[in-house]
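> Need the 3D shape of this:
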Amino acid sequence: MKIEKIKNFNQVMLAIASILGIVLLLIGIVAATSDFFRGLDFGRNKTISNSLLSEEKTETLKKNQRLQIISYESPKLIDTINVVYLIPISVSTLDKPETVVEAEDNGLMSLYDPLGSMRKKGYYQENYFEGLFANLIVYQPIANKTILLFNERIMLSNLRVYYFKDEIMLVFYIAEKDTNKDGLVNFYDDTNLCIYSLKTEKMRRIAEGTNSITDYQFIGNSKDLLVEFSLSQYNDVKFKSYKPQKIMRYEFEADKLSEVVPIKIQQQMQNLVEGKKLNN
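Coordinates of the predicted model:
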C-alpha cells in the first residue's frame, strides 16, 4: 500500500515538474522573440528617429519647445592633403516636447582612419555613410573653416564620397517635403540627387519636376551621370510589379539633364507593347 502511494506521489511530482519546465520554456521563447523583434530595423521608432517632422507638425509646438534634437556623427577624414573632415548631422525624436535650453560646445568626437591610395580609374568611391541625416558639415581645421551645406530643412541618405583626379565630390539623395502626407520627411517621400564639390564649394541639385530619383551611375571615368527617375504621374496608380521609370543623362559641365532614349523611340516602344503597327 505504501509503495503504491509513493508511486502515485512520484507521478504527481513528475507531472508538476514537466508543467513547470514547459512554462519556463515558453517564457524563454517569448522573451527571446521580443528581443529579436526589438532589434530589427523596421521598427516605427527607428523611422521616426531618422525623419524630420513635417512643417505642419513643427508649427503646432510652442515657440520655446522642441521635439527633435540634432546629433553630430563622428567626423571622417575625406581629404588627407587639405585635411578636410565630413560631419553628418542626424536627428532624434523625443517622446514628449522639451523646453529649449542653450547648447554647450562639446567639441569634436573621435576621428576615423585616413583614406586609402588612389586606384587606376579616373575616380573611385572610398567612403559610404550609413543612415539618414538632417545636414552635413564640412570642417577644415587648418583653415579654421566650417561649412554648413544646407540652410533649409532636408533629409539626406546614401552619402558617398567620390575621388577624381582633380577634385573630391559628395553625392547623396535628399528629401525636402512631406510628399506622401504622413507627417514626416524621409525617404518614403520624393527624392532628388545632390552633388557637392569640395574644390569649388558648389552644390548641384539634380531634379526633374516631381519625378523621384531612384538610382544613378557615373558614365565611364567622366563626371556625367545616368540617372533613373520614378515617374510621379503614376504615384496614385497600383502596379503588379514596380512603378514605371525612365533614364536621363546628367551632363556635369553643362549642369543639365537630357533624355537618354529619344521621344520618338519611346513612342515606338509603347506602340509595340500595345500591339500597334509602327509607321515606316
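
> next one: phi and psi at L272?
Backbone geometry at L272, expressed as degrees, to the nearest 10, gives phi -60, psi -40.

> any idea of the pLDDT on it?
For L272, the pLDDT comes out at 82.

> Just checking: what are the partner strands of the one helix or strand E130 maps to?
Following DSSP states H and E, one finds E130 within strand 123-133. Here strand 123-133 is paired, per DSSP bridges, with strand 155-164 (antiparallel).

> Output the strand it pairs with as CSV, nothing but the C-alphas.
This file holds the C-alpha atoms of strand 155-164, laid out as CSV (Å, rounded to 0.1, in the frame of the first residue of the first chain):
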residue,chain,number,x,y,z
MET,A,155,16.8,64.8,-45.0
LEU,A,156,19.7,63.1,-46.9
SER,A,157,20.8,59.5,-47.3
ASN,A,158,23.1,57.2,-49.3
LEU,A,159,26.0,59.6,-48.8
ARG,A,160,29.1,58.7,-50.9
VAL,A,161,32.4,60.3,-51.4
TYR,A,162,33.9,60.1,-54.9
TYR,A,163,37.6,60.9,-55.6
PHE,A,164,38.5,62.3,-59.0
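
> what does it contact?
Under the contact criterion CB atoms under 8 Å, 6 or more residues apart in numbering, strand 155-164 has outside partners 50-52, 78, 86, 88, 115, 118, 122-129, 131-136, 168-175, 185-187, 194, 218, 223. Quick note: C-beta positions are derived from backbone N, CA and C, even for glycine.

> how about a cut-off of 6 Å?
52, 78, 123-125, 127-129, 132-133, 169-175, 185-187 (CB atoms under 6 Å, 6 or more residues apart in numbering).

> Could you give me the buried positions within that strand?
Burial within strand 155-164, assessed by neighbour count using 16 or more other CB atoms under 10 Å, is assigned to M155, L156, S157, N158, L159, V161, Y162, Y163, F164.

> How about the second one: which residues does it bridge to?
In this structure, L156 bridges to F133, I174 when assessed by DSSP bridges.

> and the gap between it and V84?
In this view, L156 and V84 are 18 Å apart by CB to CB, to the nearest Å.

> and what of the last one?
Counting by CB to CB, the gap from F164 to V84 is 15 Å.

> got it, and the fifth one?
If you measure L159 against V84 using CB to CB, the figure is 15 Å.

> residue ranges of the strands in the stretch 151-280 of the chain, please?
Per DSSP state E, counting those that start in this stretch, the stretch 151-280 of the chain carries strands over the ranges 155-164, 168-175, 184-185, 191-197, 203-206, 212-218, 225-230, 245-251, 256-259.

> just flag whichever of the ones you listed has the lowest average confidence.
Among these, strand 184-185 has the lowest mean pLDDT, at a mean of 85.
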